[in-house]
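A.B. asks: Starting from these lines, generate the structure:
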Amino acid sequence: MTTRRLLDRVVRTLDLPENREARAAKLLESEWLITNGLGGYSSSSSGGVITRRYHGILVAALPNPIGRVTMLNHLGERLSLDGRSASLNVERHVAGPVDSALAASVASVKLVGGLPVWTYEWGDVQLEKRILMPYRQNTVHVTYRLLGGADSATLELHPAIHFRGYEDPVNTPRNQPTVARYQLTTSSGIHCVTMVGDEGLPPLRMYLSMGNGTPAEHTFISDERVLSENLYPVEESRGYEFKGALWTPGRLEVTLRRDQCVTLVASAESNDVMLALSPDAAAAFEHERRRRLVDAASTSARDEIAAELVLAADQFIIQPKGRIVDATRAAALGNEVRTVIAGYHWFTDWGRDTMISLEGLTLTTGREREAAFILRTFAHYVRNGLIPNMFPDGSNEGLYHTADATLWFFHAVEAYLRRTGDQVTLMHLLPTMIDIVKHHIEGTRFGIGVDPADGLLRQGAEGYQLTWMDAKVDGWVVTPRRGKAVEINALWYNALRLLGGWLAAVRGEEAAREIEQRAKCVFESFNKRFWIEERGHLYDVVDGENGDSPQCRPNQLFAIALDHPVLDRARWESVMDVVRTKLLTPVGLRSLAPGEPDYKAKYFGDLRTRDAAYHQGTVWGWLIGPWVDAWLKLHPNDHAGARQFLEGYVPALGAFGLGTIAEVFDAEAPFTPRGCIAQAWSVAEVLRCWAKTSPPEAQASTESHS
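C.D. replies: Below you'll find the model as predicted:
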């Protein structure tokens, strides 16, 4: 199968019920997302209603210290014909109640090659809408085409705006445009509606174009007003401000003619950038870019599901906007700055998530060059033997409160070297990794350091949660794991063994002797301290604040799954049996076994309630990765059996975030998706394991037809 044909087959259709009320509910509950490679995005509910503060037709990624800003929040759409009219949005108006009769006008919602396409039916009239963002632009194209039922119809577009940081509450009073702050402008024959926010923000320009870039004849009807009491039901359910005002300058009216495309272009870019590509050209270039993404992926990732995941993975790899120092330094070395957005809508780039996701997002997808950029970028930010836990939005400075992200760095480097054999990058990173180990042995920030009594790594500081189970509310650390955590020591052993191997290869066996001795000590101490004979699994934490924690959690899997397993081979099967019985679900692993104290079956409610459940049973999609790795270590030839553990993610691609995988799921059936609609490590680990479990004959077949 050629990759062009494969891309055309990557279609994900939202399953819409026949019942009108259920149909309307599904359109409001499901969401779509497209991104621009800068961290900006366009996203809303499938019914065209903004239900989150993070939703927006154009959320621009602006240079630091501004960060991401909602520029065009909502687009009201109405079709008129022969004196009749109907809204294309599920609701009657921006803040109006859901009208189930209008929900039926949405005939289908699907992703075609990863891009959203709507089909509307209104009597005999059929209308198609498509949305895309030109790559590396803070621009969005919304394209309408009349398919049939009439030779022409009038389309009204009602832009609704509230310039604000994408995480700001919906009732934030600043940056509201006023009548004095929008104007009609003409540039290169293009008539724009231009809106200006507070000083420091670029203007938002909107215009209507035919497919070839010539202006579309239209009318702008000035009707400047505030649309008050807009409701954001998802924010209400999450315990945040959920009532806010939007503003509109008026409406755009354009005549649609059958099979003729009209595109609304909305942009925070300069006129030169905004007008550089016609809508037709932008669509063609984006289709070609996506074809190349599918083409570049490993041969084991070239079926329809894998290709869909490859396109989903692309959303997380960005060139951070506005990190001028990073960009200048990278350019001087002939590199480019790359980083990974951990999740949409509210995550930024997190060190831990990046290192766990790196193999799936970049190596399985054939983006090795970008993997090298990412590793070098994070290596530059190592301080006191630690890589940053995260970079806050709009900031050039990282936060370092993590004990595991730095150890995952070694794992990511090994995956990169295994794929590329790039010794130049190894030599560049090796001094940094030696320094990291030195700091961990001597002790560094947040109580991270080796206990000289047993060689195990301990961590913990008052008020911090340094492992991946990192929920904290108003000073309350929900899952206190200060002490010697099981996955931290599995990662520590793995890092020591990897570094020892690299040193031996580069500098000789003698240079690696001390590191290898430390690794041997960790192995012996780990198996002595962490094994619970009567339970058949591992302690989650030893030498903790409250002694040893025997809670059954998925963290113990890393003692088997990593490149260098720290758990004695004789104990693998027992641990796997316990994890399979108590933690495994169709969409990942529970973070705590049912029956344990504080187990929570659902992840919902306000922030405090959610965080109380975040790591207390809630299923994490990314944990299927270490499960599959561990399974294949026990059953090396059971690719078919391992693939079955991934089948539950296929229907998950058609729910919540269309064409992507959620951050977390409820711990019990029906395993409702929760949290972020698109999470980097969820997508990355499913994609990596999907490729890893492809049968050899399928890979050979794919290669012969590509």
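A.B. asks: centre of the chain versus stretch 82-93, how much separation?
C.D. replies: Distance of stretch 82-93 from the chain centroid (Cα atoms, centre = their mean, to the nearest Å) equals 33 Å.
A.B. asks: same check, this time on stretch 51-65
C.D. replies: Between the mean C-alpha point of stretch 51-65 and the mean C-alpha point of its chain there is a distance of 15 Å (Cα atoms, centre = their mean).
A.B. asks: Which of the residues in that stretch are classified as buried?
C.D. replies: Using 16 or more other Cβ atoms under 10 Å as the test for burial, stretch 51-65 gives 51-62, 64. Using the backbone N, CA and C atoms, a C-beta is placed for each residue, glycine as well.
A.B. asks: Of these, which belong to helices?
C.D. replies: Among the buried residues of stretch 51-65, no member falls in helices (DSSP state H).
A.B. asks: Which one of these is nearest to residue 302?
C.D. replies: Comparing the buried residues of stretch 51-65 against residue 302 with Cβ to Cβ places residue 61 closest, at 30.7 Å.
A.B. asks: Surely that closest one touches residue 42?
C.D. replies: No - assessed by Cβ atoms under 8 Å, residue 61 is found out of contact with residue 42, at 11.7 Å.
A.B. asks: on that earlier part again, could you dump the buried residues of stretch 51-65 into TSV and include distance to residue 127 and pLDDT?
C.D. replies: Supplementary listing: the buried residues of stretch 51-65 in TSV, determined by distance: Cβ to Cβ, whole Å; pLDDT from 0 to 100:
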residue	distance to residue 127	pLDDT
51	23	95
52	26	96
53	29	96
54	27	97
55	22	97
56	22	97
57	17	98
58	22	98
59	25	97
60	27	96
61	31	95
62	33	92
64	40	82
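A.B. asks: which of those residues sit farthest apart?
C.D. replies: Using Cβ to Cβ, the buried residues of stretch 51-65 reach their maximum pairwise distance at 51 and 64, which is 28.8 Å.
A.B. asks: Now residue 465: which helix or strand?
C.D. replies: Per DSSP states H and E: residue 465 is located in neither a helix nor a strand.
A.B. asks: just residue 407 next, same as before
C.D. replies: Element membership of residue 407, judged by DSSP H and E, is helix 405-420.
A.B. asks: my guess is residue 153 meets residue 80, correct?
C.D. replies: Yes - because the distance of 6.6 Å satisfies Cβ under 8 Å, residue 153 is recorded as touching residue 80.
A.B. asks: Between these two, which has more neighbouring residues?
C.D. replies: For residue 153 versus residue 80, the count of surrounding residues by other Cβ atoms under 10 Å is larger for residue 153: 22 against 14.
A.B. asks: now that one, what's its secondary structure?
C.D. replies: Counting by DSSP: H, G, I helix; E, B strand; the rest coil, the backbone at residue 153 sits in strand.
A.B. asks: Per-residue confidence at it, what does it come out as?
C.D. replies: At residue 153 the predicted local confidence, pLDDT, stands at 95.
A.B. asks: Equivalent analysis for residue 705, please.
C.D. replies: Among the per-residue scores, residue 705 shows a pLDDT of 33.
A.B. asks: mind checking how far residue 245 is from residue 164?
C.D. replies: Relative to residue 164, residue 245 is positioned 11 Å away (Cβ to Cβ, to the nearest Å).
A.B. asks: which one of the two has more residues nearby?
C.D. replies: Counted by other Cβ under 10 Å, residue 245 and residue 164 do not tie: residue 164 has more neighbours, with 25 against 17.
A.B. asks: So which residues of the stretch 1-150 of the chain form strands?
C.D. replies: With DSSP state E, counting those that start in this stretch as the criterion, the stretch 1-150 of the chain has strands at 11-13, 31-35, 41-45, 56-62, 67-72, 74-81, 84-87, 106-112, 115-122, 125-132, 139-148.
A.B. asks: which one of the ones you listed has the most crowded surroundings?
C.D. replies: The highest mean neighbour count among the strands of the stretch 1-150 of the chain belongs to strand 56-62 (a mean of 27), with neighbours defined as mean count of other Cβ atoms under 10 Å.
A.B. asks: So for residue 239, what's the nearest residue that isn't a sequence neighbour?
C.D. replies: Take residue 239 and drop its neighbours on the chain: the residue closest to it by Cβ to Cβ, 6 or more residues apart in numbering is residue 606, 2.7 Å away.
A.B. asks: For the stretch 601-706 of the chain, which residues score under the pLDDT cut-off?
C.D. replies: Low-confidence segments of the stretch 601-706 of the chain (pLDDT under 70): 696-706.
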